[in-house]
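Asker: got a structure for you, letters missing:
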C-alpha cells in the first residue's frame, strides 16, 4: 500500500495561477480528451478512457473562500492556544 501511495503522490500536480485565478489539481498523468463541468467554474478533465485526470477550478479564490476561512479558523485557532 505504501508503494501505491508513493506512486500516486508522485503523479499529483497542484498549481495555482494567481493572474487567471485558476487552481488545477492533477490526479494522474494523461492527455485530456474531454472535460465535464460539474458545477459552474469547476471542470473535471477526463482521458480517452473516461478516467479523471484533473480538476480545474476557475475563479478559485471566490469559489474556495467559503471553504478556506472555516478551515483556517479550525486549524489556526487550536495551534495558537
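Answerer: Arrived safely, thanks for sending. Computed from a prediction, not measured in an experiment: that's the story for all the values here.
Asker: the residue nearest to residue 13 when sequence neighbours are not counted: neighbour count?
Answerer: Spatial nearest neighbour of residue 13, chain neighbours left out: residue 26 (3.3 Å); criterion: Cβ to Cβ, 6 or more residues apart in numbering. Where C-beta positions appear, they are placed from N, C-alpha and C, glycine not excepted. When neighbours are defined as other Cβ atoms under 10 Å, residue 26 has 17 of them.
Asker: correct me if wrong: residue 26 contacts residue 47.
Answerer: No. Applying Cβ atoms under 8 Å as the test, residue 26 and residue 47 come out as separate, 11.8 Å apart.
Asker: need the overlap of contacts for the two.
Answerer: residue 53 (Cβ atoms under 8 Å, 6 or more residues apart in numbering).
Asker: thinking again about what came up before, can you read off the pLDDT for the residue nearest to residue 13?
Answerer: For residue 26, the pLDDT comes out at 93.
Asker: also residue 17?
Answerer: 92.
Asker: and for residue 64?
Answerer: So, for residue 64, pLDDT stands at 84.
Asker: and for residue 10?
Answerer: pLDDT, residue 10: 51.
Asker: can you check residue 76 too?
Answerer: Taking residue 76 on its own, its pLDDT is 61.
Asker: follow-up on the earlier one: is the residue nearest to residue 13 bridged to anything, and to what?
Answerer: residue 13, residue 54 (DSSP bridges).
Asker: first-to-last residue distance for stretch 36-51?
Answerer: 11 Å (Cα to Cα, to the nearest Å).
Asker: avg pLDDT for that stretch?
Answerer: Rounded mean pLDDT across stretch 36-51 is 95.
Asker: that one: how far from the chain's middle?
Answerer: Here stretch 36-51 is found 12 Å from its chain centre; the criterion is Cα atoms, centre = their mean, to the nearest Å.
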